[in-house]
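Asker: Using only what follows, build the 3D model:
(one chain, ligands or ions: 1)
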Amino acid sequence: MEKAVKSQIGVSARLSVAPMMDWTDRHCRYLHRLLSKRALLYTEMVTSPALVRGQARHLLRFDPAEQPVALQLGGSDPAELAKAAVMGADAGYVEINLNVGCPSDRVQSGCFGAVLMERPALVAQCCAAMIQAQPSEVTVKCRIGVDDQDPEVVLPEFLARIVGAGVTRVAIHARKAWLKGLSPKENRDIPPLDYDLVLRMKGLFPNLHISINGGIASLEHAKELLDLGLDGVMIGRAAYHNPTDILQRADAVIWGDDVGPDPLDIVMQMRNYIDAHMVDQTRGGGKLAHVTKHMMGLFAGQPGSRQWRRYLSENAHRDGAGWAVVEDALAAMEQVAAA
Ligand SMILES: Cc1cc2nc3c(=O)[nH]c(=O)nc-3n(C[C@H](O)[C@H](O)[C@H](O)COP(=O)(O)O)c2cc1C
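Answerer: Take a look at the predicted model:
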């Protein structure tokens, strides 16, 4: 199964859900996979020190139903990243992605993320070490540059370096990161997008699988970018906030397969998963809200969606909250929809 998933991963990468800290955890990915059988899913970033030196092995846990799923690593030490990549491949991840895009302070201080746009030779060493150490595909998620770098110059140089190290697939967040003065959130909106530059990279690197990321909020826009010659589109916030809108039709629009289940079916399909999670709770594990926080957007744009969200956010975190809360949230929504 893993072998088949691996050989198809470039095809799956035509549409992917971006790695997002605190958002794309295993519950979120399980939900997204019910909506789309095809889209490539990413974990949240896990740092290589946390995996190799810390006690973060539990963060690698995932359900085989999530496949194809890629592990995103943060780090800048080639030997440590290689070890973390081995741990990821052993856990079953079919892709190991290196984060060269995240601008947060904590990450800068450890020399991870976007600041590595200034150190392409080191990034190439990291990629080569990860490729050499394990069999899963190694990819990079980067920006077009940082601070006063000229993206026209640094992006092609950066891509040439990683291609030289053996990387065959990259996701480019089509805006700079400004490392001084902007919060991580502002860094996802304020630096201007330059899709054109990313498109030109496809001309310069025809054999590199290039996914574009940043500000893509509909499947139609994703399709337009694919039609312009890009190999993949990576969607972050829109897929999280409007999972039905982006993912339910994704298999049909992007791959010509069937449309996914409607959101009510999805809620029902989550029941067994939620029940299993509640059993975990007796071992000191899960709460209902861990799962339902990712389900808030399922009915976005539909009558009663506000009541659905409100009921869940007010009740799912309470002690003992279980499946009945989800049923009550559906009832609250249906009451409004029927009025
Ligand atoms: C809450 C949140 C957390 C994020 N965490 C990560 C992360 O761990 N690794 C990463 O490479 N990018 C991270 N990002 C950036 C996204 O992957 C993506 O590049 C960005 O949101 C732009 O895409 P979008 O406009 O489609 O959302 C995060 C974004 C958000 C909103």
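Asker: so who does residue 190 touch?
Answerer: Residues near residue 190 by C-beta atoms under 8 Å, 6 or more residues apart in numbering: 178, 182. (Each C-beta comes from the backbone N, C-alpha and C, glycine too.)
Asker: Quick check: residue 111 is in a strand.
Answerer: No: checked against DSSP: H, G, I helix; E, B strand; the rest coil, residue 111 lies outside a strand; its state is coil.
Asker: near the ligand, anything from stretch 237-249?
Answerer: Yes: Stretch 237-249 reaches the ligand (C-beta under 6 Å from any ligand atom) through 237, 238.
Asker: Would you mind measuring the gap between the ends of that stretch?
Answerer: 17 Å (C-alpha to C-alpha, to the nearest Å).
Asker: Same check on stretch 251-271?
Answerer: Using C-alpha to C-alpha, one end of stretch 251-271 lies 23 Å from the other.
Asker: which residues make contact with that stretch from outside it?
Answerer: By C-beta under 8 Å, 6+ apart, stretch 251-271 touches 11, 14-15, 30-31, 34-39, 219-220, 222-223, 226, 244, 247-250, 291, 295, 298-299, 302, 323, 326, 330.
Asker: mean confidence for that stretch?
Answerer: For stretch 251-271, mean pLDDT is 96.
Asker: before we move on, what about stretch 201-214?
Answerer: On average, stretch 201-214 scores 97.
Asker: Just the pLDDT for whichever residue of the stretch 201-339 of the chain sits closest to the ligand.
Answerer: Nearest residue of the stretch 201-339 of the chain to the ligand: residue 236, at 2.7 Å (C-beta to the nearest ligand atom). Note for residue 236: predicted pLDDT of 98.
Asker: what's it in contact with, if anything?
Answerer: So residue 236 contacts 17, 18, 20, 188, 213 (C-beta under 8 Å, 6+ apart).
Asker: and the residues you listed as a markdown table, adding neighbour count, distance to the ligand and secondary structure?
Answerer: A markdown table is the format used below for the contacts of residue 236 (neighbours: other C-beta atoms under 10 Å; distance: C-beta to the nearest ligand atom, whole Å; DSSP: H, G, I helix; E, B strand; the rest coil):
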| residue | neighbour count | distance to the ligand | secondary structure |
| --- | --- | --- | --- |
| 17 | 28 | 9 | strand |
| 18 | 24 | 3 | coil |
| 20 | 18 | 4 | coil |
| 188 | 18 | 5 | helix |
| 213 | 23 | 5 | strand |
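Asker: neighbours around residue 268, how many?
Answerer: Per other C-beta atoms under 10 Å, the neighbour tally for residue 268 reads 12.
Asker: picking up where we left off before, pull out the buried members of the contacts of stretch 251-271.
Answerer: Neighbour-count burial (16 or more other C-beta atoms under 10 Å) applied to these gives 14-15, 30-31, 34-36, 38-39, 219, 222, 226, 244, 247-250, 291, 295, 298-299, 326, 330.
Asker: Which residue ranges of the stretch 151-300 of the chain form strands?
Answerer: For the stretch 151-300 of the chain, applying DSSP state E, counting those that start in this stretch gives strands covering 169-173, 209-213, 232-235.
Asker: Would you mind finding the most buried of these?
Answerer: Counting by mean count of other C-beta atoms under 10 Å, strand 169-173 has the highest mean neighbour count of the strands of the stretch 151-300 of the chain, with a mean of 26.
Asker: how far does the strand or helix carrying residue 6 sit from the chain's center?
Answerer: Secondary structure from DSSP states H and E places residue 6 in helix 2-7. Relative to its chain's centre, helix 2-7 lies at 19 Å (C-alpha atoms, centre = their mean, to the nearest Å).
Asker: so after that helix, what's the next helix or strand?
Answerer: helix 9-12.
Asker: Name the surrounding residues that touch that next one.
Answerer: 5, 38-40, 68, 70, 94-95, 137, 169, 209, 231, 255.
Asker: I'd like the average pLDDT over that helix.
Answerer: 92.
Asker: ok so, going back, I'd like to know which of the buried ones among the contacts of stretch 251-271 are part of helices.
Answerer: 30, 31, 34, 35, 219, 222, 226, 250, 291, 326, 330 (DSSP state H).
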